[in-house]
Every structure is written in structure tokens, then in C-alpha cells.
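1. here you go, sequence then predicted model.
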Amino acid sequence: MRARMIIITNNPMARDAISIREDCELRYTPVSYREVLLLARNAVHGGHKLLTHPLSGSVKPGETPYKSLAISKETGSLDFHSLSLIENCIQTCDKFPIRYENLPESILQDFQVVDSALIQSIF
Amino acid sequence: MKLELGYINIHDIQFGKVSKVEKGVLYVDAEAVKKIVLEDEQIASVELDIARPGESVRITPVKDVIEPRVKVEGPGGMFPGVISKVDTVGSGKTHVLRGAAVVTTGKIVGFQEGVIDMSGPAAPYTPFSKTNNLVLVMQPVEGLKQHDHEHAVRMAGLKVAVYLGELARSLTPDETACFETLSMKEGMEKYPNLPRVGYVQMLQSQGLLHDTYVYGVDAKKTLSTVIYPTEVFDGAIISGNCVSACDKNPTYVHQNNPIVHDLFARHGKDINFAAMVITNENVYLADKERSSNWAAKLCEFLSLDAVIITEEGFGNPDTDLIMNCRKISEKGIKTVIVTDEYAGRDGSSQSLADAHASADALVTAGNANQVITLPKMDKVIGTEDYVGIIAGGWDKNKHADGTIDAEIQVITGATSEVGFGYLSAR
């Protein structure tokens, strides 16, 4: 099966779940939540479209370190709707202070589970 | 469709040898309730507790709050498609144990949601400081996965609420209220000069701990649809979400949706409360376009003149909210949106993650980033271990004197986006 979307994620649990799928290309990078949004913005500038909302989930930026989002596999001309959305989301993200430092491993795992569930809700 | 609600006022809950309602007191046979909860092999143990208004008690982390009700006439039963068969509910008679609630709590994930303080400065922020609460503190069996755990806790709360609701079946209500929605044609003929007003309710539908169920169906797998407003009084919509508890609708809030109540209160007077549309808030952007297209199409098809749109959550749902507002406005229908704000602790930041010029009438339910100091309570039902990690709490926010600094977003229902609360700027 040909991949129809790319999943950008910093979540190891989402990486493991997505890596076995044939309909997705995986871009896993162990960076911060905000840097995942920046990777998505760069991809939008490269002609990809956002397929999922970058602020999915009620766990706010700064509370969870994990973010997974989907962009189109195909590229075209710059999609201004995607650009506007990701820029808004980066601005919104910057409003929230980072609170997830020094979290125990079990809670990091729980954040991974929720992020992973949210990105897999699209399949 | 016509429904009569019969309210039986409850002013206290006590444990007793037999479950019954007597002179406004709900007596609960704890062993019978435990037996119901432990029917689910995924739950290893359950403790019951009672929290009453005014007590120095904190309940946390809260997963759901449910009002005990029972259908005494008409088709179907409470929570259709989940506890009862999927018959269409919303007509006949339903009895309500008003003033009583079942509250579920338990660790599903390590960051936890929902504080209910029964007294003190945080109590006015949650409507459930005014209810007599039977609290279920549940522990799962070893190794239970989060999805299964969430399901088990959700079902236990609903089953116990149904068990208690059954006690109201043969009681005489202290007060009754009638609600009726006419068919489109009948409504137009009866109220030719009143504006046709609708209610578009957006439901959380993103995934684990972010879900809502309609007649048992996961709302993220639905298209926008029409529901009789009285169906929600019989538990047609139930909550499966609690993350960022301030602006999530527990099942109790769906059962008592104040937008529906307020629209009914003016129905036939200055408006014709013609229809209710429910729609979702999915993660996938194409789903958002599809669902908002359908919501707008239904509003047009129903010949509505004006709608109230409520969202559930912040960020991702703001996009759905604005899409709904814009597309419904483009049909020539007036809109009012109801939301809360994440405007920073000083309230000066941009409140929503999306905006559009058509959103020119907005009701706010408050700023979720507002900071409050939660006092030390004599008793905690559940555990405070996670308050430092819940949304709105932060590291080292618990002081030596037992007080906790937190944003009001930790408090269940503090910024309810259907306006189910007691605080107001009026």
C-alpha cells in the first residue's frame, strides 16, 4: 500500500504504533512539543497540507511533552489555510509555560498513551 | 416529543441497610452498590464515600458525575445504547433524584483531572459542591490497560446511577416540569410569528479520555445529526472525557443541559425552540470540514433563524467552533457562540485559538487560567497525589501548610461551556 500521509511525532509509543502501518510514512524525531510544531510548519512551507489539528487533545502544550500530527504525503503549492493554522497553534503553544520537566517515567508513559490514542483516532 | 420530569428533592445521602428514599434522604446499601461495581472483573476493589455540601472534603481526581434518574413511562430506559436498549428516549415520564449525584474517581493515567471541593473558596466554581455526592473510588486489576480502565470506571458510574435512580420509580415527585418539541410543520403552524431558534451542541470526540457517546455510539464516528432536546434528559449523551476538567461536560451536565432548559423556558413565548443539532470535534481536519458542513446544512434545512453554538474544550475544538459559526452564519442564520477562555493568568492573552468576523456574539464562561489557592481540606476522597500534574496544576504547587496553587481549570465544571455553574458576571 502506498503511504498517503506522513506522521510527525516525538512520541516513542506513537512511533511504534505507526511504524507497522503501510498507509503512513513516519517521521519520528525526539524533540520538544514546540519543535514538532516547527517541523510541521517547515513541511507546510514545503507544500504539505496539515491533516490533523496541531493542538489536538485537552492536555495543553507545556503539560505534555508529546505531540503527533499528520500531514499530507503529497506536496503542492503553499496551502495558506494550513500555514495560518500552524502559525496560530505555535503562538498558542507559546502562551503555555513548560510544566513537564522532572516527571516520573510512569506519567511520561501515560502522556504517550493519550497522544498515541489521539493520533490513531484518525484511522 | 413530550417529556415530563418529576423531581424528587434529595437533601442528604446516608449509608443504610436497605437502599431507599425517605423524607428527602437517599439511603444507600453500600454492599449492594459494591456488588454492582465488582460485577466487572476489571475492577479489583471499590470504596464508597459520601460528600455533602459545606463539608471540608475534596474529591479528586474526578472522572464523571452522573445524576440518578429512572424512566417511569414511555419507551426506553436510562442511558440508551449503553445500559438500556437503544430505544428512542425523551418521551413519557422520568423521575429525577435532584440533589444527588454519583461521582467516579480513580487513577487511569498519572496526570489526573477534576477537583470538587465541597466548601471553601473553590466550592463556588463547581456545581457539584451543591449536590450530595456518592463517590466511588475504584482500583483496577493489575495490568489493566488505560482504555479498558476508562471503560470500566465509566460503566460502573452509570450502573450505580441507574440502580439509585430505580429507587425513585414509585415515588411522588416534589415538582414536575413538562418539555415538548413539536415536529417542524406543527411548530411552524403553532408559532408562525416566533423566530425558530436551534441549539448546536459540539461534543468532545478526540480519543482516549476525550470521548463522548450518543446512544452508545462513539461521537467521533458520527455525522452531525438532529436530536430531540428531551432525549438528553434521559441520558442519550454520556461523557467519556475529563481531561482539563473545567470545560468538559460530565454526564450530569448533559442530563441537565442548561442551554436546553433555558431555551425551553422561553419556548412559545418569544422564541420557538425548534431543534437541537449535535456535532463532533474530531482531530482530523477533513472531519471538521465535513461535520461543520453538515451542521450548517441541517440548520438551513430546519429553517432556523438563529442558533446557539456551544463547544467543549479548547484549542482543537476552537477550530470546529469557528467553522460552525462561520458556515451557519453564511446560511443567513444568526449565531451566538459559548466558550471559555485560556487568556493567561493575567487574562491579557488571546482567548481562543481561532477567530472569524462572523463570531460577533460570544458568551464567555470564564478564564480557565485564573489562579486559585485550594485550602487544605480535612478529608480527601481519592488522592491529591496528582494535583501537581493535572492540567492547571504545576510542579511544587503544594505548600507546606497543605494549600495548593492551581488554575481553575483543575476544578470540575469551573468554566462550563454550556454555562452549568453558579458564578456570573451579572
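-> Happy to help now that I have it. In this text the structure is predicted, and so the values were computed from the model without any measurement.
2. least trustworthy helix or strand in the chain by mean pLDDT?
-> All of this refers to chain A. The weakest-scoring helix or strand in chain A, judged by mean pLDDT, DSSP states H and E, is helix A:105-120 (a mean of 92).
3. show me the contacts for residue B:327.
-> B:292, B:293, B:295, B:296 (C-beta atoms under 8 Å, 6 or more residues apart in numbering or on different chains). No exception for glycine: its C-beta is placed from N, CA and C like everyone else's.
4. what is residue B:70 paired to in the beta sheet?
-> residue B:95 (DSSP bridges).
5. residue B:363 in helix, strand or coil?
-> strand (DSSP: H, G, I helix; E, B strand; the rest coil).
6. got the contact list for it?
-> B:336, B:337, B:338, B:339, B:419.
7. tell me how many other residues surround the third one.
-> In this case it means residue B:338. 21 (other C-beta atoms under 10 Å in any protein chain shown).
8. next, see if the one helix or strand it maps to gets close to chain A.
-> Using DSSP states H and E, residue B:338 sits in strand B:334-341. No - Strand B:334-341 is not in contact with chain A by C-beta under 8 Å from any C-beta of the partner chain; minimum separation 11.3 Å.
9. and for that strand, what's in contact with it?
-> By C-beta under 8 Å, 6+ apart, strand B:334-341 touches B:246-247, B:259, B:305-311, B:314, B:318, B:321, B:325, B:328-329, B:347, B:351-352, B:358-359, B:361-369, B:415-419.
10. rewinding a little: how about the least confident helix or strand of chain A as CSV, C-alpha atoms only?
-> Extracted C-alpha coordinates of helix A:105-120, given in CSV (Å, rounded to 0.1, in the frame of the first residue of the first chain):
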residue,chain,number,x,y,z
GLU,A,105,8.6,7.7,33.8
SER,A,106,5.1,6.2,34.5
ILE,A,107,3.5,9.6,33.9
LEU,A,108,5.5,10.2,30.7
GLN,A,109,4.2,6.8,29.6
ASP,A,110,0.6,7.9,30.2
PHE,A,111,1.2,11.1,28.2
GLN,A,112,2.5,8.8,25.4
VAL,A,113,-0.6,6.6,25.6
VAL,A,114,-3.0,9.6,25.3
ASP,A,115,-1.1,11.2,22.4
SER,A,116,-0.8,7.9,20.7
ALA,A,117,-4.6,7.3,21.1
LEU,A,118,-5.4,10.7,19.7
ILE,A,119,-3.3,10.3,16.5
GLN,A,120,-4.6,6.8,16.0
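11. helices or strands next to it in the packing?
-> strand A:5-9, helix A:12-19, strand A:68-72, helix B:146-166 (3 or more C-beta pairs under 8 Å, 6 or more residues apart in numbering or on different chains; DSSP states H and E).
12. what's the closest of the contacts of residue B:327 to chain A?
-> residue B:292 (12.9 Å; C-beta to the nearest C-beta).
13. and the helices in the stretch 1-150 of chain B?
-> B:30-38, B:146-166 (DSSP state H, counting those that start in this stretch).
14. mind checking how far residue B:299 is from residue B:168?
-> Residue B:299 sits 36 Å away from residue B:168 when distances are taken as C-beta to C-beta, to the nearest Å.
15. those two: which is more packed in?
-> Neighbours per residue (other C-beta under 10 Å) separate residue B:299 from residue B:168, with residue B:299 holding more: 28 against 24.
16. residues contacting stretch A:31-48, please?
-> In contact with stretch A:31-48 (C-beta under 8 Å, 6+ apart) are residues A:6, A:8-10, A:27, A:29, A:50, A:54, A:61-62, A:64-69, A:71-79, A:82-83, A:86-87, A:89-90, A:93-94.
17. try it again at 7 Å.
-> Applying C-beta atoms under 7 Å, 6 or more residues apart in numbering or on different chains, the contact partners of stretch A:31-48 are A:8-10, A:29, A:50, A:54, A:61, A:64-67, A:69, A:71-72, A:75-79, A:82-83, A:86-87, A:89-90, A:93.
18. got the contact list for residue 51?
-> Just going to use chain A. A:5, A:70, A:71, A:72, B:284, B:285.
19. that was the other one, I meant chain B.
-> So residue B:51 contacts B:57, B:59, B:118, B:133, B:135, B:381 (C-beta under 7 Å, 6+ apart).
20. how does it look with 10 Å?
-> When contacts are counted by C-beta atoms under 10 Å, 6 or more residues apart in numbering or on different chains, residue B:51 touches B:13, B:57-59, B:101, B:103, B:116-119, B:128-129, B:131-135, B:379, B:381.
21. so which of the residues you listed reach chain A?
-> The subset of the contacts of residue B:51 lying close to chain A, counting by C-beta under 10 Å from any C-beta of the partner chain, is empty.
22. narrow those residues to those that are buried.
-> B:13, B:57-59, B:101, B:103, B:116-119, B:128-129, B:131-135, B:381 (16 or more other C-beta atoms under 10 Å in any protein chain shown).
23. show me where pLDDT drops low in chain A?
-> Residues of chain A meeting the criterion pLDDT under 70: A:1.
24. show me the contacts of strand B:334-341 that map onto helices.
-> The helices in this structure, assigned by DSSP state H, contain B:259, B:318, B:321, B:325, B:328, B:329 from the contacts of strand B:334-341.
25. the first one contacts residue B:311, correct?
-> No - Residue B:259 is beyond contact range of residue B:311, at 11.9 Å (criterion: C-beta atoms under 10 Å).
26. who touches both of those two?
-> B:200, B:201, B:338, B:417, B:418.
27. of those, grab the buried ones for ChimeraX.
-> Listed next is the ChimeraX selection for buried residues among the shared contacts of residue B:259 and residue B:311, using 16+ other C-beta under 10 Å:
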select /B:200,201,338,417,418
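28. between the shared contacts of residue B:259 and residue B:311, which is nearest chain A?
-> residue B:417 (12.2 Å).
29. correct me, but the closest one touches residue B:352?
-> No - using C-beta under 10 Å, residue B:417 is not in contact with residue B:352; the gap is 11.5 Å.
30. shared neighbours, these two?
-> With C-beta under 10 Å, 6+ apart as the test, residue B:417 and residue B:352 both reach B:311, B:314, B:317, B:321, B:337, B:339, B:340, B:364.
31. can you find the helix or strand of chain B with the lowest average pLDDT?
-> Per mean pLDDT, DSSP H and E, bottom of the list for chain B is strand B:404-407, a mean of 87.
32. tell me what it is packed against?
-> strand B:371-374 (3 or more C-beta pairs under 10 Å, 6 or more residues apart in numbering or on different chains; DSSP states H and E).
33. now do the strand it packs on: distance to the chain's middle.
-> Using C-alpha atoms, centre = their mean, to the nearest Å, the mean C-alpha position of strand B:371-374 is found 23 Å from that of the whole chain.
34. dump the C-alpha coordinates for it into PDB.
-> Provided in PDB are the C-alpha atoms of strand B:371-374 (Å, rounded to 0.1, in the frame of the first residue of the first chain):
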ATOM      1  CA  VAL B 371      -5.200  31.000  39.600                       C
ATOM      2  CA  ILE B 372      -6.800  29.900  42.900                       C
ATOM      3  CA  THR B 373      -5.400  28.700  46.100                       C
ATOM      4  CA  LEU B 374      -7.100  25.500  47.200                       C
END
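35. list of residues touching that strand?
-> B:58, B:60, B:115, B:117, B:120-122, B:125, B:345-346, B:384, B:387, B:392-394, B:397-399, B:402-408, B:410-411, B:414.
36. go through those residues and flag which are in strands.
-> Under the assignment DSSP state E, the contacts of strand B:371-374 contribute B:58, B:60, B:117, B:404, B:405, B:406, B:407 to strands.
37. out of those residues, which is nearest to chain A?
-> For the ones in strands among the contacts of strand B:371-374, the nearest to chain A is residue B:407 (10.0 Å; C-beta to the nearest C-beta).
38. unless I'm mixing things up, that closest one is touching residue B:369, no?
-> Yes - contact criterion C-beta under 10 Å: residue B:407 and residue B:369 qualify, at 5.2 Å.
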